[in-house]
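Novice: return a 3D structure for these sequence lines:
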Amino acid sequence: MAINRIGVLTSGGDCAGLNAVIRAVTRRAILKYGWQVYGVNDGSHGLFDRPPRFQELTLPDFTGTVLRMGGTILGSVNSGDPFDFPMPDGTRQDRSAEIIDGYAQLGLDALIAIGGDGSLAILRELAQQGDWNLVGIPKTIDNDVDMTENAVGYVTAVDVATEALDRLQPTAASHNRVMILEVMGRDHGHIAINAGIAGGADVILIPEIPFDLDRIKSKFEDVLSEEGRSFALVIVAEGVRPIGETIDKNIGQYLGQHIAEMTGAETRVTVLGHTQRGRTPSPRDRLFASAFGIHAVDLVAEGKFDRMVAWSSRDCIDVPLADVVGHSRAVDPDGSIVRTARGLGICLGD
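Specialist: Residues are numbered from 1 along each chain as shown. Below you'll find the model as predicted:
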């Protein structure tokens, strides 16, 4: 089929590197293929409105500053499933037909969607229902999209968390404190374990490995007796929960309270929160974003749809979207990253 106009949108939580993807898609589509590029505003929600909300993307839109910007110039949403959309009166409705009609009104020949596992699953269902030509690009700071070693935004998030540990270490040492850093990772602990190793943490807690408070206490005793230190660093993913216990506070606060009670140490808790999302993208994230954007446009040109671009063995590849959605990429408790942490004497709570 002839391609004349493609769309691109960002869906789900923002992260560093999204603008680099949009830039790469636009430059490749225009410079190589001569296509029009429409950027859909606020993810799929831009297709609800009449007329649909979009902006035509052109080469002058991408001066040197956009590549370096965090966030997304198109806007994004991370709520409101169009198949089960919450209405003002409290009811829920299937509004997928409105989005499909909005896509048709834009006259798009294909759509490149930048999203995480949840967003890509919804967009794939919309594409199947509306007969769209869809190509996906993985983005998530959690790095839990399946079938790819890296997703856009992850490397920068690890950099932010590592830098936080670098800044917490001197004040921990100065005041003999246990500093607890809570990072994002609702279901998976890729940020926590990678930043923890890079940042010299003594304890790393991730959702994939259940933890025991007594093991953490023993680690602090070892730090004092074997290393002669009276301070320590802990990094914990936000989704970690104690076994068999319901807590009414975030995990960082829970650990701060219990570690202080068990050890008598002075504890401080830092929650990084959304600071992991909004930073200037790292050079590596810009590289992944650019490679993904180019490859996605080339897939459209080749008529290869219902696929997601991915990074594997130092190369940009593509995989079936059907193999991605409904799955997630967890930290392997027996993998090399966990073995590295254990080899360094880091306590993982078990």
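
Novice: neighbours of Ala232, how many?
Specialist: 27 (other CB atoms under 10 Å). (Glycine included, C-beta is placed from N, CA and C.)

Novice: can you check the one 4 residues further on too?
Specialist: Val236 has 29 neighbouring residues, counting by other CB under 10 Å.

Novice: how close does it sit to Gly349?
Specialist: Distance, Val236 to Gly349, by CB to CB, to the nearest Å: 9 Å.

Novice: which residues do the two both contact?
Specialist: 203-205 (CB atoms under 8 Å, 6 or more residues apart in numbering).

Novice: of those residues - the most surrounded one?
Specialist: Neighbour-wise, the shared contacts of Val236 and Gly349 (other CB under 10 Å) top out at Leu205, 30 neighbours.

Novice: correct me if wrong: Ser76 contacts Gly43.
Specialist: Yes - counting by CB atoms under 8 Å, Ser76 does reach Gly43; the two are 5.1 Å apart.

Novice: which residues are common contacts for those two?
Specialist: 10-12.

Novice: most neighbours among those, which one?
Specialist: Thr10 (30 neighbours).

Novice: next up, phi/psi of that residue, please.
Specialist: phi -110, psi 140 (degrees, to the nearest 10).

Novice: hmm, it is touching Ile112, no?
Specialist: No - applying CB under 8 Å, one finds Thr10 not in contact with Ile112, separated by 10.1 Å.

Novice: name the nearest residue to Asp306, ignoring sequence neighbours.
Specialist: Using CB to CB, 6 or more residues apart in numbering and skipping residues adjacent in sequence, the residue nearest Asp306 is Leu321, 5.1 Å away.

Novice: how many residues are close by the one you found?
Specialist: Residues contacting Leu321 under the criterion other CB under 10 Å number 22.

Novice: quick one: the longest helix belonging to the chain to chain centroid distance?
Specialist: Identified as the longest helix of the chain according to DSSP state H is helix 154-175. Distance of helix 154-175 from its chain centroid, counting by CA atoms, centre = their mean, to the nearest Å, is 19 Å.

Novice: got it, and stretch 115-124?
Specialist: Worked out by CA atoms, centre = their mean, stretch 115-124 lies 13 Å from the chain centre.

Novice: now do the buried residues in that stretch.
Specialist: For stretch 115-124, a neighbour-count test (16 or more other CB atoms under 10 Å) marks 115-124 as buried.

Novice: quick check, nearest of these to Tyr33?
Specialist: Within the buried residues of stretch 115-124, proximity to Tyr33 (CB to CB) peaks at Leu123, which comes in at 22.3 Å.

Novice: for the closest one, give its distance to Gly71.
Specialist: 20 Å.

Novice: what do you get for Glu182?
Specialist: Taking CB to CB, one finds Glu182 at 22 Å from Gly71.

Novice: what of Ile193?
Specialist: 26 Å.

Novice: those two: who's more crowded?
Specialist: Ile193 (28 against 17).

Novice: the more buried one: which element?
Specialist: helix 190-198 (DSSP states H and E).

Novice: show residues contacting that helix.
Specialist: Residues outside helix 190-198 that contact it (CB under 8 Å, 6+ apart) are 141-144, 154, 157-158, 161-162, 164-165, 183-185, 201, 204-206, 235-237, 276, 331, 337-338, 340-341, 344, 346.

Novice: done for today, thanks.
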